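**Q** predicted model and sequence follow; I will ask about them next.
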Amino acid sequence: MRSPLSGWIGGKSQLASRIIARIPAHRCYVEVFAGAAWVLFKRPESDVEVLNDLNRDVVTLYRVVQHHIEEFVRYFKWMLVSRDEFDRMRRVDPETLTDVQRAARFFYLQKCCFGGRIVRPIFGTATTRPPKLNLLRIEEDLSAAHLRLARTYVECLPYERVISKYDSPDTFFFVDPPYWGCEDYYGKEMFSREDFVRLRDILAGIKGRFLLTLNDLPEVREVFGGFNIEGQQLTYTVGKGATSAKEVFITNY
């Protein structure tokens with residue numbers, strides 16, 4: 001199943017199958033920094049599932065897909081994929097919108113922007129493919145996500161609160177924070193360099209188990225050196241460019 005936010009920067013579409021293969025037995029599954037939630041949408045359903053993100057646009061989109069999908073789809077009935085419409089939506093203050101309007105605005109901007117940028121998105125075009133937003137298939141594309149989210153808790157909490165709230169011996173946390181050196185990509189108020197140490201200390205004291213993903217840097221290996229670290233090689237594609245990258249899976253099991 002595809003994620004509703006398939007263009008999300010930093011999404012785990014490539015690594016999802018590797019992550020799923022390493023998830024231990026559990027009853028409660030929690031994504032602490034959900035973003036596009038690629039892992040949840042690709043894996044079998046757990047007894048209890050939680051999607052958490054501090055970005056209100058992300059959380060609103062999931063809640064609207066969960067509870068108001070028909071109204072959400074109707075919003076796009078007469079929509080066009082155009083630079084003018086993109087710029088108009090980008091200028092709108094999301095705090096002035098209803099939940100459905102806010103979710104639709106965010107969904108449109110994410111689907112139409114270059115590289116899935118969150119801060120200062122830019123309208124994306126290509127000569128090799130049509131727009132990512134297919135207005136005729138929105139309902140079809142989101143119906144599976146609607147069903148998948150039917151029994152999912154959607155939270156908008158700081159990472160320390162959601163970890164504390166759902167921690168138990170039967171809980172598995174998938175932790176995908178902003179990458180080291182990319183803390184501002186999702187907004188300056190979301191995560192800072194100091195949060196890596198704080199996150200490490202919180203994870204060191206949990207009852208459950210976790211898998212954390214980050215870029216493979218000496219600083220990352222130093223901060224999280226008390227856990228198990230496994231290197232991963234992959235290739236990212238943004239626009240016309242392809243870049244090889246190294247990441248790490250960090251676990252306490």
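**A** On my side now, so go ahead.

**Q** so if we follow the domain assignment, how does this protein break up?
**A** Under the assignment the TED database, the domains of the chain span 1-54+157-252, 55-151.

**Q** how about those domains in TSV, adding mean pLDDT and mean neighbour count?
**A** Glycine gets a C-beta too; all of them are placed from N, C-alpha and C. Listed next are the domains of the chain as TSV, based on pLDDT from 0 to 100; neighbours: other Cβ atoms under 10 Å:
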stretch	mean pLDDT	mean neighbour count
domain 1-54+157-252	89	17
domain 55-151	87	16
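
**Q** just checking, Gln232 is part of a strand?
**A** Yes. Assessed with DSSP: H, G, I helix; E, B strand; the rest coil, Gln232 lies in a strand.

**Q** does the closest residue in space to Val175 that isn't next to it in sequence sit in a helix, a strand or a coil?
**A** Spatial nearest neighbour of Val175, chain neighbours left out: Leu212 (4.1 Å); criterion: Cβ to Cβ, 6 or more residues apart in numbering. In three-state terms, and counting by three-state DSSP, Leu212 is strand.

**Q** beta partners for Leu212?
**A** Per DSSP bridges, the residues bridged to Leu212 are Val175, Ile250.

**Q** ok, it touching Glu247?
**A** No. Counting by Cβ atoms under 8 Å, Leu212 stays clear of Glu247, with 10.6 Å between them.

**Q** packing partners of the helix ranked longest in the chain?
**A** Taking DSSP state H as the criterion, the chain has its longest helix at helix 99-112. Applying 3 or more Cβ pairs under 8 Å, 6 or more residues apart in numbering; DSSP states H and E, one finds that helix 99-112 contacts helix 56-67, helix 69-75, helix 83-91.

**Q** next helix or strand past it?
**A** helix 138-148 (DSSP states H and E).

**Q** just want the angle from the longest helix of the chain to helix 83-91.
**A** 130 degrees (axes from the mean of the first three to the mean of the last three Cα atoms, to 10 degrees).

**Q** for Leu136, what are its contacts?
**A** Counting by Cβ atoms under 8 Å, 6 or more residues apart in numbering, Leu136 touches no other residue.

**Q** what about 10 Å?
**A** With contact set as Cβ atoms under 10 Å, 6 or more residues apart in numbering, Leu136 has these partners: Phe76.

**Q** residues contacting stretch 91-98, please?
**A** 56-57, 60, 64, 68, 71, 101-106, 109.

**Q** for stretch 66-77, same thing?
**A** Against stretch 66-77 from outside (Cβ under 10 Å, 6+ apart): 51, 61, 64-65, 98-101, 103-105, 107-108, 133, 135-136, 138-143, 145-152, 154.

**Q** just the terminal-to-terminal distance for that stretch.
**A** 19 Å (Cα to Cα, to the nearest Å).

**Q** what does stretch 202-222 give?
**A** Per Cα to Cα, stretch 202-222 runs 16 Å from first to last residue.

**Q** Gln14 and Thr235 touch, don't they?
**A** Yes. Assessed by Cβ atoms under 10 Å, Gln14 is found in contact with Thr235 at 7.7 Å.

**Q** need the overlap of contacts for the two.
**A** Common neighbours of Gln14 and Thr235 (Cβ under 10 Å, 6+ apart) are Ala245.
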